[in-house]
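>>> okay, sequence plus prediction incoming.
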Amino acid sequence: IVSASSDCTVRVWPTYSRQRLNPDERAAQRKRTKVLKNHTSSVYCVAVFPDGTKFVSGSTDFTARVWDAKTFRTLQQLK
């Protein structure tokens, strides 16, 4: 799951199974959330490529960024 935020970040959240997790397992899942901070203004949209290998984020800093879904690095910045 990828989300946009007004705090200039994009977050990539781990997905959870339907099974109940104990508190330690929940804490470990939260630590795996990636916070990507390359934008300099609010991020209002994200879209995942159909093959799941990349995603793109759009911001009020007048940029769109293409991200690698495995490494979480910016592959391209569009202005």
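In hand now; what should we look at? Please read these numbers as outputs of a predicted model, since none were measured by experiment. Residues are numbered from 1 along each chain as shown.
>>> use CA for all of it now, contacts and neighbours both
Noted.
>>> select the helix or strand of this structure having the lowest average pLDDT value.
helix 23-31 (a mean of 76; mean pLDDT, DSSP states H and E).
>>> buried ones in the helix or strand following that helix?
From helix 23-31 onward toward the C-terminus, using DSSP states H and E, the following helix or strand is strand 34-36. Residues of strand 34-36 classed as buried: Leu36 (neighbour count, 16 or more other C-alpha atoms under 10 Å).
>>> chain center to the least confident helix or strand of the chain: distance?
Here helix 23-31 is found 18 Å from its chain centre; the criterion is C-alpha atoms, centre = their mean, to the nearest Å.
>>> run through the bridge partners of Ser57.
Ser57 has these beta-bridge partners by DSSP bridges: Val46, Arg65.
>>> could you tell me how many residues sit around it?
The tally of other residues near Ser57 (other C-alpha atoms under 10 Å) stands at 22.
>>> contacts only, for it.
4, 10, 43-47, 64-67 (C-alpha atoms under 8 Å, 6 or more residues apart in numbering).
>>> between these, which is nearest Thr53?
The nearest member of the contacts of Ser57 to Thr53, counting by C-alpha to C-alpha, is Trp67 at 8.7 Å.
>>> any idea how far Arg20 is from the closest one?
31 Å (C-alpha to C-alpha, to the nearest Å).
>>> ok, these two, which is more surrounded?
The neighbour comparison of Trp67 against Arg20 (other C-alpha under 10 Å) goes to Trp67, with 20 against 9.
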